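A.B. asks: starting from these lines, generate the structure:
(chains A and B)
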There are 2 protein chains.
Amino acid sequence: MPQTDTVNRQWILAERPIGEPTDQTLKLVESPLPVAGPGEMLLRIEYLSLDPYMRGRMSDAPSYAPPVQIGEVMTGGTVARVIASQLDGFEVGDLVLSRSGWQDYAVSDGTEVAKLGKAPAHPSWSLGILGMPGFTAWAGLTRIGEPKAGETIAVAAATGPVGATVGQIGKILGCRVVGIAGGPEKCAYAVEELGFDACIDHKSPDFAELLAKACPDGIDVYYENVGGKVLDGVLPLLNPNARVPVCGIISQYNATSLPEGPDRLNWLMAQILRKKLKFQGFIIFDDFGHLYPEFAAQMSGWIESGKIRYREEIIDGLENAPRAFIGLLRGENFGKRVIRVRPAE
Amino acid sequence: MPQTDTVNRQWILAERPIGEPTDQTLKLVESPLPVAGPGEMLLRIEYLSLDPYMRGRMSDAPSYAPPVQIGEVMTGGTVARVIASQLDGFEVGDLVLSRSGWQDYAVSDGTEVAKLGKAPAHPSWSLGILGMPGFTAWAGLTRIGEPKAGETIAVAAATGPVGATVGQIGKILGCRVVGIAGGPEKCAYAVEELGFDACIDHKSPDFAELLAKACPDGIDVYYENVGGKVLDGVLPLLNPNARVPVCGIISQYNATSLPEGPDRLNWLMAQILRKKLKFQGFIIFDDFGHLYPEFAAQMSGWIESGKIRYREEIIDGLENAPRAFIGLLRGENFGKRVIRVRPAE
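C.D. replies: Model prediction:
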């Protein structure tokens, strides 16, 4: 069932998942279109971003952001069209970036809404390369990773929207870039299309040896998106004074218990001490929001000049969002996964 | 047997310890006094510093510094008197800071030697508050910890030369300072003499609860010297964006195997991500050597004005150094442990 002009479909959180989300985690409910009052506008969603952080919002474990409550609409970044407005500064027809979540329609008072201009070439890119994922890649790499020309950068989830951007920025900055991705097709894309120096398949039984061979001078910056076995392969290769921006650990998001021992917590502390490593977590808009204009200007320039390439995976239909999200956590996506909520006209 | 004018006693590394060093780890050998040639000087050691990092030098595990080789004199910082010199700039009678190791006499070409002036008030302090440990405290706290007035600093090994200095600097900077130390006597000293706001005994069965009560606003900077159970107590209390300078993990230096599971390595990564933490190791002269003049000027001022207090534990006799070092690793020291190699005259 596609988007209609009369019904608002909403994916609400029905239960908190234990491990991988299931078909019971989210529930599709329907209601009449909401009505925008004074000082509000009505938004019709065109694109919904799917991002790994959403798994955290489904849980009530302590985190940097409050969880979605049971019965609430699932949260998410969206591109939407203004279809009614009693809000100064927004007119019917405006295209906006908003955080309207997993639904067809939403009322907004303008909080966290940004106008995208009358006719952007790629509206959905504001959910990826020109939005949160691209900004996350840029700020984490340049402000925490601080790569210098000639250094080696390793980047996990190398064909995802963050990893692909990290690696391409690393090449612009004159670094050796070694990607890590799942499967030969993604690895070939990272090298041939994105210009990485190498890309290692983490599903290979020889992953650790192959990674070591691809990093003959060790690793100076490891952009962490994954954790788990990928991190295990990277740790022995980190050079003294290496920097590790911790952006995500997707391999652990569905974990229901800690893995068996031995306990390597203090071993990791010893690595940090002996090699003088820096591990630093960050949340992009909390920690680096003030840098957004600088990012937007630089990234736009790189895209226009062809220095940065971007791959999207568009999936049609809000009804398909939960399955697409489960697949994202499994690494089934190839590029930035976006739901096209409003069918192409 | 005290120091003589005719024999050079040397503690050489006899075997690499497995776990805690024993009486077999180091061996005392005697030889005639060495002779200084052209461009060299002969040093007579007056004080030998004992420091936890020396445990690392006894092992050949990969680390930031090469290990002491079997049969070599054990390494260490010393205060020494020039008793013969064919080296420009150094005269007989000069008192110097050197890295002459665990012995009575050494020949030096001046590498890593600094003059201490004709009659310093406390020559041995250049091995502590005015030397490597004090500099380590100052740089790790101010350059990695970056405390702001009103924040809470937790510091392990609170009465050791590094921890005591970290805490007192924290008070000067307007922070709440919570120490962690072993036993009620050390804890009382931290509060009553050093001016800490609280100090928790890590040997208490209620350690974690007591620490939480002493940190009602959480912890913004944890100066890590210890690891193990102390770190376990600190981790849940770390605030978002907390900073953890990793200076040492003395609780693990004698460990011969990893502790039993579960494996918390990825759990620690999740903490770093969710709380946006920074963990950073450092080696003082590698990473911050250029700041030494700034440190020396500021620390001298604080000591002269009485804002920083310093506690030494002087142990007489080079022959007692190995036992004193084993005790240091057990936390038996109370203040900075120094061997007086040359008896007071």
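
A.B. asks: give me the secondary structure label for the closest residue to chain B within the stretch 151-300 of chain A.
C.D. replies: As assessed by CB to the nearest CB, chain B sits closest to A:Gly261 within the stretch 151-300 of chain A, at 1.6 Å. Placement of C-beta: from N, CA and C, glycine included. Following DSSP: H, G, I helix; E, B strand; the rest coil, A:Gly261 is assigned to coil.

A.B. asks: next, give phi and psi for the nearest residue to it once chain neighbours are set aside.
C.D. replies: With sequence-adjacent residues excluded and distances taken as CB to CB, 6 or more residues apart in numbering or on different chains, A:Gly261 is closest to B:Gly261, at 1.6 Å. Per-residue torsions, B:Gly261: phi -80, psi -170 (degrees, to the nearest 10).

A.B. asks: and B:Gly261, how far is that from A:Ile18?
C.D. replies: 21 Å (CB to CB, to the nearest Å).

A.B. asks: same question, A:Arg337
C.D. replies: 23 Å.

A.B. asks: cool, and A:Arg311?
C.D. replies: Counting by CB to CB, the gap from A:Arg311 to A:Ile18 is 33 Å.

A.B. asks: these two: which is more packed in?
C.D. replies: Higher neighbour count among A:Arg311 and A:Ile18: A:Arg311, with 17 against 11, using other CB atoms under 10 Å in any protein chain shown.

A.B. asks: so what's the residue nearest to the more buried one when sequence neighbours are not counted up against?
C.D. replies: Spatial nearest neighbour of A:Arg311, excluding adjacent residues (CB to CB, 6+ apart): A:Gly335 at 3.3 Å. By CB atoms under 8 Å, 6 or more residues apart in numbering or on different chains, the contact set of A:Gly335 is A:Thr159, A:Gly160, A:Pro161, A:Ala164, A:Tyr310, A:Arg311, A:Glu312, A:Glu313.

A.B. asks: from what I can see the residue nearest to A:Gly261 touches A:Leu265, true?
C.D. replies: No. Using CB atoms under 8 Å, B:Gly261 makes no contact with A:Leu265, being 10.2 Å away.

A.B. asks: strands - which of the contacts of A:Gly335 land there?
C.D. replies: Members of the contacts of A:Gly335 lying in strands (criterion: DSSP state E): A:Glu312, A:Glu313.

A.B. asks: can you put the contacts of A:Gly335 in CSV and add pLDDT?
C.D. replies: CSV is the format used below for these (pLDDT from 0 to 100):
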residue, pLDDT
A:Thr159, 94
A:Gly160, 94
A:Pro161, 94
A:Ala164, 97
A:Tyr310, 95
A:Arg311, 94
A:Glu312, 96
A:Glu313, 96
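
A.B. asks: what's the end-to-end length of stretch A:57-73?
C.D. replies: 11 Å (CA to CA, to the nearest Å).

A.B. asks: contacts for that stretch next, please.
C.D. replies: With CB under 8 Å, 6+ apart as the criterion, stretch A:57-73 contacts A:10-17, A:21, A:25, A:56, A:74-75, A:101-103, A:283, A:286, B:240, B:274-276.

A.B. asks: try it again with 6 Å
C.D. replies: Stretch A:57-73 is contacted from outside by A:Gln10, A:Ile12, A:Leu13, A:Arg16, A:Pro17, A:Gly56, A:Met74, A:Thr75, A:Gly101, A:Gln103, A:Ile283, B:Arg274, using CB atoms under 6 Å, 6 or more residues apart in numbering or on different chains.

A.B. asks: among the residues you listed, which ones are in strands?
C.D. replies: A:Gln10, A:Ile12, A:Leu13.

A.B. asks: quick revisit: does the residue of the stretch 151-300 of chain A closest to chain B touch B:Glu260 like I think?
C.D. replies: Yes. A:Gly261 is in contact with B:Glu260 according to CB atoms under 6 Å; the separation is 4.9 Å.

A.B. asks: name the residue in the two with the higher neighbour count.
C.D. replies: A:Gly261 (13 against 10).

A.B. asks: kindly report the residues of the stretch 51-200 of chain A close to chain B.
C.D. replies: Residues of the stretch 51-200 of chain A lying close to chain B by CB under 6 Å from any CB of the partner chain are A:Ser63, A:Tyr64.

A.B. asks: could you rerun that using 10 Å?
C.D. replies: A:Tyr53, A:Gly56, A:Ala61, A:Pro62, A:Ser63, A:Tyr64, A:Ala65, A:Ile144 (CB under 10 Å from any CB of the partner chain).

A.B. asks: contact partners for the first one?
C.D. replies: The one in question is A:Tyr53. By CB atoms under 10 Å, 6 or more residues apart in numbering or on different chains, the contact set of A:Tyr53 is A:63-65, A:75-76, A:132, A:136, A:247-248, A:250, A:253, A:283, B:273.

A.B. asks: which residues of the stretch 201-345 of chain A score low on pLDDT?
C.D. replies: Across the stretch 201-345 of chain A, the ranges flagged by pLDDT under 70 are A:345.

A.B. asks: let's see that with 80 instead.
C.D. replies: A:344-345 (pLDDT under 80).

A.B. asks: all strands in it, in order from the N-terminus.
C.D. replies: A:219-223, A:238-246, A:278-281, A:312-316, A:336-340 (DSSP state E, counting those that start in this stretch).

A.B. asks: which of those is buried the deepest?
C.D. replies: Mean neighbour count (mean count of other CB atoms under 10 Å in any protein chain shown) peaks for strand A:219-223 among the strands of the stretch 201-345 of chain A, with a mean of 27.

A.B. asks: that one vs strand A:238-246, what angle?
C.D. replies: Comparing the axes of strand A:219-223 and strand A:238-246 via axes from the mean of the first three to the mean of the last three CA atoms, to 10 degrees yields an angle of 10 degrees.

A.B. asks: now the farthest one out in chain A, which residue is it?
C.D. replies: A:Pro38 (34.4 Å; CA atoms, centre = their mean).

A.B. asks: isn't that residue right next to A:Leu87, touching?
C.D. replies: Yes. Counting by CB atoms under 10 Å, A:Leu87 is a contact partner of A:Pro38 at 8.6 Å.

A.B. asks: okay, and the common contacts of those two?
C.D. replies: A:Asp109.

A.B. asks: who wins for neighbours among the contacts of A:Tyr53?
C.D. replies: A:Cys247 (31 neighbours).
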